[in-house]
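Novice: Please find the sequence and the predicted model below.
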Amino acid sequence: MEYIHDTEKFQFHNTVVALGKFDGMHKGHQLIFDKLIQYKKEGCKAAVFSFDRPPMNMLKHKDVSVIYTHVEKTKLLSERGIDIYIEHPFTEAFSRLQPEDFVKEILLKKMGMKILVVGDDCGFGYKRRGNVELLKQMEKDHDFRLIVIPKLELNGAIVSSTRIRSLLKEGKIEEANALMDTPFMIYGPVVHGNHLGKEVLGIPTANQVPDSEKLLPPNGVYVSRIYYKGRQYYGISNIGTKPTIEGKKHMGVETYILDFHKDIYHKEIRVELLHYKRPEMKFESLDALSRQMHKDADFARKYVEKNF
């Protein structure tokens, strides 16, 4: 997949384009991606056009955490068969671009768009004046076809990134996963920790440090599924600051991979959270922590045997 970012210079031809932020990569988004792949099979290049930061960050001058980071979203889109992913710089000038000019100058001229696929609530251009009605009008006068995907409803409510974000913040990981095309995950390299897992606690763990922009569920212990070099494993993951361990505190993800004995420092792993087990706790001693970690691992084994 071709990943375009940090530049406004690009030129493509004969594309089918999906327009949106696509944070959460949920089942509603997948309906849009399915259309891209359908027309890819007919000869178009499948392209996703997004922004290098959530527009709300710039327009309201505040940080908004993301469900998936740039790296994670790029990986997920590539797995779905997308050919081109553009994260266009969301500059002050770009934010003032009129929606008609965005379609003509960016989508038609630079993207070479032949087909545009959007959700029925799409908004784009200056003050989000661009919408489905405007696109329908422009479709009549310009050389592209518009496909509008209606919102997906599950369990009596619309599937949205906002809904998923709320569920994650509440620690309802299984409810959030039910709305997503793949379970919520943390992707990134394994970094060196304090080496207590293997040497002191008897449980070797893989440490990851998520980007500060990434939304994480509440601190606690989760049953997890891990992918490394295309192979699937299961384990138990702690999200938090390791309160029992002395020293400098930082937010991290620490995973014990069941029946796994490889050295994976600096290697990329994908950790999917499947089930919330318990809150993060401070134990009276490292021995007490070790005993609890073994109990957590036993729980994970039983959970996996029952559910997978």
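Specialist: Thanks, I have the structure now. Numbers count the residues shown, from 1 in each chain.
Novice: packing partners for the lengthiest strand in the chain?
Specialist: What stands out as the longest strand in the chain, according to DSSP state E, is strand 268-279. Under the contact definition 3 or more Cβ pairs under 8 Å, 6 or more residues apart in numbering; DSSP states H and E, strand 268-279 sits against helix 173-179, strand 185-189, strand 206-208, strand 220-228, strand 231-240, strand 252-257, helix 286-307. All C-beta spots, glycine's among them, are computed from the backbone N, C-alpha and C.
Novice: any weak-confidence spans in the stretch 151-300 of the chain?
Specialist: 194-202, 244-249 (pLDDT under 70).
Novice: Name the residues linked to Val191 by a beta bridge.
Specialist: Taking DSSP bridges as the rule, Val191 bridges to Asn207.
Novice: mind giving me the domain split of this structure?
Specialist: Per the record, the chain has its domains at 2-158, 183-307, by automatic domain parsing.
Novice: end to end, how far does the last one reach?
Specialist: Okay, so that is domain 183-307. Domain 183-307 has an end-to-end distance of 14 Å (Cα to Cα, to the nearest Å).
Novice: Over to the first one?
Specialist: The stretch domain 2-158 measures 31 Å between its terminal residues, going by Cα to Cα.
Novice: any idea how far it is from the chain center?
Specialist: Relative to its chain's centre, domain 2-158 lies at 16 Å (Cα atoms, centre = their mean, to the nearest Å).
Novice: For Leu167, find the nearest of the domains of the chain.
Specialist: For Leu167, the closest of the domains of the chain is domain 183-307, at 8.7 Å, according to Cβ to Cβ.
Novice: got the residue ranges for the strands in the chain?
Specialist: Using DSSP E, strands in the chain cover 2-5, 15-19, 45-51, 84-88, 113-119, 145-149, 153-154, 157-158, 185-189, 206-208, 220-228, 231-240, 252-257, 268-279.
Novice: Deepest in the core, which of these is it.
Specialist: The highest mean neighbour count among those, using mean count of other Cβ atoms under 10 Å, belongs to strand 15-19: a mean of 26.
Novice: Need the CA coordinates for that one. PDB is fine.
Specialist: The C-alpha trace of strand 15-19 is given here as PDB (Å, rounded to 0.1, in the frame of the first residue of the first chain):
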ATOM      1  CA  THR A  15      -9.300   5.800  -8.300                       C
ATOM      2  CA  VAL A  16     -12.300   4.900  -6.200                       C
ATOM      3  CA  VAL A  17     -12.000   7.100  -3.100                       C
ATOM      4  CA  ALA A  18     -13.400   6.800   0.400                       C
ATOM      5  CA  LEU A  19     -13.400  10.100   2.400                       C
END
